[in-house]
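Asks: Give the three-dimensional model of this entry:
(2 chains)
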Amino acid sequence: MTQSERQLGEALVRLSNVSLGYHTPLMSPVNLEIHRGEFWGMVGPNGAGKTTLAKTLLGLIPPLAGKVEWCRSDLALSYTPQRHKLDPRYPLSALDVVLMGRSRGLSLGGRYSKEDKSRALEELARIGLEDEAHGTFRSFSGGQQQRVLLARALASDPDLMILDEPAEGMDLLGAHDILTFLKETNVQSKMAVLMISHFLDDVISSVDHLCFVNKTQDLFEASTCCDMASAEKLSKLFGRAVETHSCAGKTHVHVQGEESHVHEHDGKHPHGHSQEDL
Amino acid sequence: MEEIGFLDSMFVWRDAMIVAILSAAALAYLGVWIVLKRVVFVPLALSQVSSFGLVLAAFLGGLLEKDAAHAHESGDSFDALLLSVVVSVILGVWLARPREEGSQAVVSAYLMASAGVLLVGNLITDKLHDVESVLFGSAVLVETHQIFIVGGAALLVALIHFLYYRRFLFVSFDADAAGATGIPVFSTEALLISSFALMISVVTQAIGALPAFGLMVLPGMFALRMARSMRGAFVLAVLLGILSAGLGYYLSFQFDTPTGATMVGLSALGYLGSLGVSRPH
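Replies: Numbering: from 1, shown residues only, chains lettered A, B, ... in the order given. The predicted structure follows:
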């Protein structure tokens, strides 16, 4: 399907009363529908079940109950894992890695075509690494590796692209560049993007839909960013008092420390008020 | 008495040399995958399972009043070989499970097979020396038919890897991303590990467990320290494997050293030498 044939708003993936988990359900059944052109952020503490949910969406983990529906028979999905989960031992060039994104539809014994190679180089150029196409992936900086993985995902021409912590371990500028690039790509290519991230500030500022996951509180909520980014909902997600405020068009989130949280319940003034950016 | 030169006695070592070189080339290629996938204990378990198959064949041969060692040499061991291949492939599929369960399976298989070798070996004390010669690669002679068995297995592995190379690479490097693009991860992993199982069980029966394990792991470790590309890693591993097998066989013949240990020793020297070289990016 060409990009011009893609219809914004078309349902891509639907989770109906899905129980997530490997052997026992992590939380109550969840419902979620993702449409073409949407940019989702999935937020929750470490070990909250975010990656399990993403893998269930992708069909990598079967649901314990309920239904995962891919709304097109030719739905193209891509997944970019956390960068540190990839083994640095592989002597692969950036081009080798990006070409993996062209594996869909490659017949047994088939070789990448000239078109595949030019598409891979085109994606490397888009992320500013055209001169490093033959450089070894393992020798790249974390930010460069992340961009190569992004190019691989884009080279697969996905309808839905899922990225697990794409800005993890990157400096402020690198993280900003990645998120800006994702936002632009989401708008230009009409693909849906689901980004798992701990950078709540950036997620809230970049995405148009949010999904909160926290298995320890049996919490799953998903809606538009406007509905979700309230101090009340964020406090529920993190189990601590959270404040939000806007500055220069960006939403900032702060969580109050345990100490101040206790004092508020006691009706006393918070002393040693500690705040932490999310 | 005049000593016969190495070349003059080609009729003695020709078949064994061919089998050793074919085995080394196939194992060294597969060893690159083994090292990349960080499953170096899988071939150890598989070679131990094959060793158990050999000991069991010797024991059963003894029960049937056959000479077990003779049975191995004469080709009557084909059933034992087939059984060993089937068991190893099934075990390989079992080992292709998720990492934690898989590593437990590797340890269990190794321990059970080791215990089996010792327990059954205790029952065949009269044949144990012959069997140990095969297990540790001390046997100098192989039968001509083993060229076809090892060569056939190597060809089958080459065909599988020609067809599935790109899938194997994607699944090994990033299984989740490969699964998301629609590649069946479990069956691809199972096929890859089955190719290890097939080759190592055939080679263990032909040249012994020690060289089978050593020639699978050491050239791969050497190559991945030296190479900047997958192709380079495969070429370097196969070259070291062939050199170790060929030169090792020659040296063991000339200096009357254990064949398998000499081959593995040369591979180990290659690997140790690579430790002194800074790893290329």
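Asks: Only C-alpha atoms from now on, for both contacts and neighbour counts.
Replies: OK.
Asks: Isn't residue B:224 up against residue B:231?
Replies: No: look at residue B:224 against residue B:231 with C-alpha atoms under 8 Å: they stay out of range, at 10.6 Å.
Asks: These two: which has the busier surroundings?
Replies: residue B:224 (27 against 12; other C-alpha atoms under 10 Å in any protein chain shown).
Asks: any idea whether the residue nearest to the more buried one when sequence neighbours are not counted is helix, strand or coil?
Replies: Closest residue in space to residue B:224, ignoring its immediate chain neighbours: residue B:233 at 5.6 Å, by C-alpha to C-alpha, 6 or more residues apart in numbering or on different chains. Classification of residue B:233 using DSSP: H, G, I helix; E, B strand; the rest coil returns helix.
Asks: ok, now which ones touch residue B:233?
Replies: A:91, B:32, B:220, B:223-224, B:226-227 (C-alpha atoms under 8 Å, 6 or more residues apart in numbering or on different chains).
Asks: Which pLDDT value belongs to it?
Replies: Residue B:233 carries a pLDDT score of 97 in this model.
Asks: Ok, residue A:97 next?
Replies: 96.
Asks: Same check on residue B:96?
Replies: For residue B:96, pLDDT reads 65.
Asks: cool, residue B:257 as well?
Replies: At residue B:257, pLDDT is 89.
Asks: right, and it touches residue B:251 too?
Replies: Yes: using C-alpha under 8 Å, residue B:257 is in contact with residue B:251, at 7.4 Å.
Asks: ok, residue A:175 to residue A:131 distance?
Replies: Counting by C-alpha to C-alpha, to the nearest Å, the gap from residue A:175 to residue A:131 is 22 Å.
Asks: who has more neighbours, the two?
Replies: Legend: neighbour count by other C-alpha under 10 Å for residue A:175 and residue A:131, higher for residue A:175 (18 against 10).
Asks: does that one really touch residue A:167, like I thought?
Replies: Yes: between residue A:175 and residue A:167 a contact is recorded at 4.9 Å, counting by C-alpha under 8 Å.
Asks: Smallest gap between chain B and chain A, at which residue?
Replies: Going by C-alpha to the nearest C-alpha, chain A is nearest to residue B:163 of chain B, at 3.7 Å.
Asks: dump the residue contacts of that residue.
Replies: With contacts defined as C-alpha under 8 Å, 6+ apart, the neighbours of residue B:163 are A:108-110.
Asks: for chain B, what are the low-confidence residue spans?
Replies: Applying pLDDT under 70 to chain B picks out residues B:1-3, B:63-80, B:83, B:95-102, B:127, B:130, B:132-141, B:280-281.
Asks: how about a cut-off of 50?
Replies: Within chain B, the segments meeting pLDDT under 50 span B:68-69, B:71-76.
Asks: got the residues of it near chain A?
Replies: B:36, B:162-167, B:170, B:173-174, B:176-177, B:179-183, B:224, B:227-230, B:233, B:281 (C-alpha under 8 Å from any C-alpha of the partner chain).
Asks: in the stretch 51-200 of chain A, which spans are strands?
Replies: Counting by DSSP state E, counting those that start in this stretch, the stretch 51-200 of chain A has strands at residues A:65-70, A:77-80, A:160-164, A:192-196.
Asks: ok, the third one near chain B or not?
Replies: No: with C-alpha under 8 Å from any C-alpha as the criterion, chain B is not reached by strand A:160-164; the gap is at least 9.5 Å.
Asks: Output the contacting helices and strands for that strand.
Replies: When contacts are defined as 3 or more C-alpha pairs under 8 Å, 6 or more residues apart in numbering or on different chains; DSSP states H and E, strand A:160-164 packs onto strand A:77-80, strand A:192-196.
Asks: Any idea how far the helix or strand just after the longest one is from the middle of the chain?
Replies: In the C-terminal direction, the helix or strand that comes right after strand A:192-196 (DSSP states H and E) is helix A:200-206. Once both centres are worked out by C-alpha atoms, centre = their mean, to the nearest Å, helix A:200-206 turns out to sit 12 Å from its chain's centre.
Asks: Same check on stretch A:149-169?
Replies: Mean-position distance between stretch A:149-169 and its chain equals 8 Å (C-alpha atoms, centre = their mean).
Asks: Next: stretch A:59-72.
Replies: The answer for stretch A:59-72 is 18 Å, by C-alpha atoms, centre = their mean.
Asks: And stretch A:75-88, by the same measure?
Replies: 11 Å.
Asks: before we move on, what about stretch A:21-29?
Replies: Stretch A:21-29 sits 21 Å away from the centroid of its parent chain (C-alpha atoms, centre = their mean).
Asks: And for stretch B:153-160?
Replies: The gap between where stretch B:153-160 is centred and where its chain is centred comes out at 14 Å by C-alpha atoms, centre = their mean.
Asks: What residues of it count as buried?
Replies: Within stretch B:153-160, the residues that qualify as buried are B:153-154, B:157-158, B:160, counting by 16 or more other C-alpha atoms under 10 Å in any protein chain shown.
Asks: got the CA positions of it in CSV?
Replies: This file holds the C-alpha atoms of stretch B:153-160, laid out as CSV (Å, rounded to 0.1, in the frame of the first residue of the first chain):
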residue,chain,number,x,y,z
ALA,B,153,25.6,-33.3,6.7
ALA,B,154,27.8,-30.3,5.8
LEU,B,155,26.0,-29.9,2.4
LEU,B,156,22.6,-30.1,4.2
VAL,B,157,23.8,-27.5,6.7
ALA,B,158,25.1,-25.3,3.9
LEU,B,159,21.8,-25.5,2.0
ILE,B,160,19.8,-24.6,5.2
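Asks: Which residue would be the closest one in the stretch 51-200 of chain A to chain B?
Replies: Chain B sits closest to residue A:109 of the stretch 51-200 of chain A, with a gap of 3.7 Å, by C-alpha to the nearest C-alpha.
Asks: wait, what's in contact with that residue?
Replies: Going by C-alpha under 8 Å, 6+ apart, the list of residues near residue A:109 reads B:162-165.
Asks: Can you add mean pLDDT and mean neighbour count and give the strands of the stretch 51-200 of chain A back as CSV?
Replies: Output for those, formatted as CSV (pLDDT from 0 to 100; neighbours: other C-alpha atoms under 10 Å in any protein chain shown):
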stretch, mean pLDDT, mean neighbour count
strand A:65-70, 92, 17
strand A:77-80, 94, 25
strand A:160-164, 94, 24
strand A:192-196, 93, 25
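Asks: Now render the ones you listed as CSV, adding distance to residue A:206.
Replies: Converted to CSV, those look like this (distance: least, C-alpha to C-alpha, whole Å):
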stretch, distance to residue A:206
strand A:65-70, 25
strand A:77-80, 18
strand A:160-164, 14
strand A:192-196, 10
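Asks: Just give the number of residues close to residue B:254.
Replies: When neighbours are defined as other C-alpha under 10 Å, residue B:254 has 11 of them.
Asks: what's the nearest residue to it if we skip its chain neighbours?
Replies: What sits nearest to residue B:254 in space, not counting adjacent residues and going by C-alpha to C-alpha, 6+ apart, is residue B:6, at 7.3 Å.
Asks: Let's verify the one you found: helix, strand, or coil?
Replies: For residue B:6, the assignment made with three-state DSSP gives coil.
Asks: Contacts only, for it.
Replies: B:250, B:253-254.
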